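# Quick one: sequence and predicted model below, then my questions.
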Amino acid sequence: MKIEHVALYVQDLEKAREFFTKFLGGISNEIYHNKKTGFQSYFITFEDGARLEIVTKPGLKTADPNEPLTGYAHLAFSVGSKEEVDRLSRLLDECGYPVTNGPRTTGDGYYESVIASVEGFPIEITI
């Protein structure tokens, strides 16, 4: 068994699509739009076959990404090297996605940084 995809609700679907394709190398499909319900989504496919569905619909309530809740904690992307973690972290920070932690080696041995991505949701950039 494998995880087929993970879905993430967002307010700004196009900004989320741009983030995951421009900075993290994802490839997007065409938008799906259910005109009856207002539901819209894109599937973003990454090089290793992992898929992320970004979703929006009318009436979403905005969560505070700084408040811990049950459910979604973060997404982690492996970029292959310490140098790439550092480079991508700097680039994202310069483009308005602040580094909230790191780059650093964690207590369990990961070299990572945490980015406040689209709508503040945490993304880990790791080796």
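Okay, I see it. What you are looking at is a predicted structure, and each value in this text was computed from that prediction instead of being measured.
# Tell me where this structure has helices.
Per DSSP state H, the chain carries helices over the ranges 13-22, 82-94.
# Give the residue farthest from the middle of the protein.
Lys36 (27.6 Å; CA atoms, centre = their mean).
# Quick check: closest non-adjacent residue to Ile3.
Once flanking residues are discounted, Ile3 sits nearest to Ala50: 8.0 Å by CB to CB, 6 or more residues apart in numbering. No exception for glycine: its C-beta is placed from N, CA and C like everyone else's.
# hmm, back to that, which of the helices of the chain sits most buried?
helix 13-22 (a mean of 17; mean count of other CB atoms under 10 Å).
# Phe39: neighbouring residues, count only.
By other CB atoms under 10 Å, the residues close to Phe39 number 13.
# okay, now the residue nearest to it when sequence neighbours are not counted: neighbour count?
Closest residue to Phe39 apart from its sequence neighbours, by CB to CB, 6+ apart: Lys57 at 4.5 Å. For Lys57, the count of nearby residues is 13 (other CB under 10 Å).
# and Lys57, what does it touch?
Tyr9, Thr37, Gly38, Phe39, Gln40 (CB atoms under 8 Å, 6 or more residues apart in numbering).
# and the gap between Glu112 and Phe39?
33 Å (CB to CB, to the nearest Å).
# In terms of pLDDT, where does Gly71 sit?
At Gly71, the pLDDT value in this model is 75.
# cool, Asn29 as well?
Note for Asn29: predicted pLDDT of 98.
# cool, the one 5 residues further on as well?
With respect to pLDDT, Asn34 has a value of 97.
# Now do the contacts for it.
So Asn34 contacts Gln40 (CB under 8 Å, 6+ apart).
# what about the strands in this protein?
For the chain, the strands defined by DSSP state E cover 6-9, 27-28, 32-33, 40-45, 51-56, 75-78, 99-105, 111-116, 122-126.
# now those strands in a markdown table, with mean neighbour count and distance to Thr62?
Output for the strands of the chain, formatted as a markdown table (neighbours: other CB atoms under 10 Å; distance: least, CB to CB, whole Å):
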| stretch | mean neighbour count | distance to Thr62 |
| --- | --- | --- |
| strand 6-9 | 16 | 10 |
| strand 27-28 | 14 | 23 |
| strand 32-33 | 12 | 21 |
| strand 40-45 | 19 | 17 |
| strand 51-56 | 19 | 12 |
| strand 75-78 | 16 | 18 |
| strand 99-105 | 15 | 18 |
| strand 111-116 | 21 | 14 |
| strand 122-126 | 20 | 15 |
